[in-house]
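Participant: sequence and predicted structure are below.
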Amino acid sequence: MKTNLSYDLLIIGGGLSACVFASRYLQNNITKKIALIEVGRGLGGRSSTRISKRFKGWKLNHGAPNFNISNNKDNLLLKNYIDQLLVNRFIRIDDSELIFLGDDTKLETIKKSEFYCGDRYISLFSMSELSQKIIELNNFQDKIDFFFETLIFDLKFKNDEWTLTSTKGYKFKSKFIICSTNLLLHKRSLKIFNLNQIPLRKAIPKNQDKKIDLLLDYLDRQSFIPRLTFLIYTNENYSYRDFYSKKYRYFHLKKSLEDKYKFERVVFQLQDNKKLGIVVHTKNLDFINSYINAKDEDLFNQKIFTNFNKLFEGNSLVNQLSCNEGISIMKWRASQPSGCSVPLSLQFSKKYRIGFCGDWFEGEGFARIEGSIFSALKLEEKLKIHSNIFLSI
């Protein structure tokens, strides 16, 4: 395979935001050839699906299993796109049961929170397949080359052209790039890549572009919520205690229970083979550190089973685990943004031919899928306005 690769457009990141942008871009630029570069094994980002090599036949959404749109009545751009996904039968309304483990009086509070307000949707496929379907919607001429398990660590901009270098030694060249991940723009990249300068700052020195300077300033103030996800592959006979038959069932823990058991939420996922998978999410920093420092992973896994059984002890819906189920653990590099959001006005630099999208931008969808989708739609609209920039590409 060639190590020097040239494209009309490069997209860094393969989450939902990148896929929505790629699909919309191809709809209006079918003669262009683009590449999508993703560090993971497939599409979806934090909304991806684990297809285990060790546990055959399982598809577990180990990030967001569903998503909500808090406001599409006043946002026609977003509303029209969601309607398009519904018409194409990519998604449907999520009517799964949501149970808040805590005081009954808290149920209304969580329903009105940012993750449950508005309308909830689930994919008719796995979440990774949803991302793929979104791209295929307008990829009539197979205009995208995918590069998975490919990590970009260096950016250079010279003579109006970008050069991206991956850890595998590939060099990608293009007149224009899109960053749907902010890893290359944020100070956390310094530790991950063992660098002394943020890659985008190295490529664009300070005081060369006010928008880039402002964007990096905002991101410097943005933090991230670290997460671990435990994927439990239950035994053949495991089931609910009742006759619940929908694909998902969500259990969310109130703060006191989260502190006690270290779980944020537990999502049951019915498989096509009728087996019941369980995905446990945690953002408890002490628990995450204890996993990182654990010398015996089997012993740590037993702790997960123990906490699960204690949490659901006596529960009328959930059976106990036997503690010999299969388990795998996902440690997220692309963590959920928190705190300072980036203004949408900083999405695009004409001078440096670079655009940005993702859930790290301001708005009602900040830190959620809603923000990922909306920022991608907004960026594609902005590129239409500046379409003259592509005449030289």
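Facilitator: Perfect, thanks for sending it. Numbering: from 1, shown residues only.
Participant: residues of stretch 6-23 that come out buried?
Facilitator: 7-23 (16 or more other CB atoms under 10 Å). Yep, even glycine has a C-beta here, placed from its N, CA and C like the rest.
Participant: actually stretch 115-133, sorry about that
Facilitator: 115-116, 118, 120-123, 125-133.
Participant: how far is that stretch from where the chain is centred?
Facilitator: Here the centre of stretch 115-133 is set off from its chain's centre by 11 Å, with CA atoms, centre = their mean, to the nearest Å.
Participant: kindly report the same for stretch 49-62.
Facilitator: Per CA atoms, centre = their mean, the centroid offset for stretch 49-62 relative to its chain is 17 Å.
Participant: residues contacting that stretch, please?
Facilitator: Applying CB atoms under 8 Å, 6 or more residues apart in numbering, the set of residues contacting stretch 49-62 from outside is 42, 47-48, 126-129, 229, 231, 233, 267, 269, 271-273, 275, 277, 279, 326, 328, 330.
Participant: pLDDT of that stretch, averaged?
Facilitator: Stretch 49-62 shows an average pLDDT of 89 in the prediction.
Participant: the spatially most central residue of the chain: what's it in contact with?
Facilitator: Computing the C-alpha centroid of the chain and ranking residues by CA atoms, centre = their mean puts Arg46 first, at 2.4 Å. Neighbouring residues of Arg46 by CB under 8 Å, 6+ apart: 15, 63-64, 332, 334, 336.
Participant: Ile278 in helix, strand or coil?
Facilitator: Classification of Ile278 using DSSP: H, G, I helix; E, B strand; the rest coil returns strand.
Participant: mind checking how far the closest residue to Leu101 other than its chain neighbours is from Gln208?
Facilitator: Closest residue to Leu101 apart from its sequence neighbours, by CB to CB, 6 or more residues apart in numbering: Leu253 at 5.0 Å. Plainly put, Leu253 is 47 Å away from Gln208 if you go by CB to CB, to the nearest Å.
Participant: ok so, going back, so which of the contacts of Arg46 belong to strands?
Facilitator: Gln336 (DSSP state E).
Participant: any stretches of the stretch 151-300 of the chain with poor pLDDT?
Facilitator: Along the stretch 151-300 of the chain, no part satisfies pLDDT under 70.
Participant: go with 90
Facilitator: Within the stretch 151-300 of the chain, the segments meeting pLDDT under 90 span 168, 191-193, 225-227, 236, 273, 285-298.
Participant: rewinding a little: now do the same for the residue nearest to the centre of the chain: helix, strand or coil?
Facilitator: Arg46 ends up helix, using three-state DSSP.
Participant: so Leu253 and Gln208 - more neighbours on which side?
Facilitator: Leu253 (21 against 13; other CB atoms under 10 Å).
Participant: ok, that one - contacts?
Facilitator: Contacts were defined as CB under 8 Å, 6+ apart; by that measure Leu253 touches 100-102, 261, 263-266, 311.
Participant: hang on, Ile99 in a strand?
Facilitator: Yes. Ile99: assigned to a strand according to three-state DSSP.
Participant: who does the residue lying closest to it once chain neighbours are set aside bridge with?
Facilitator: Closest residue in space to Ile99, ignoring its immediate chain neighbours: Phe251 at 5.1 Å, by CB to CB, 6+ apart. Per DSSP bridges, the residues bridged to Phe251 are Ile99, Val266.
Participant: Phe251 contacts Val266, doesn't it?
Facilitator: Yes. Taking CB atoms under 8 Å as the definition, Phe251 is a contact partner of Val266 at 4.4 Å.
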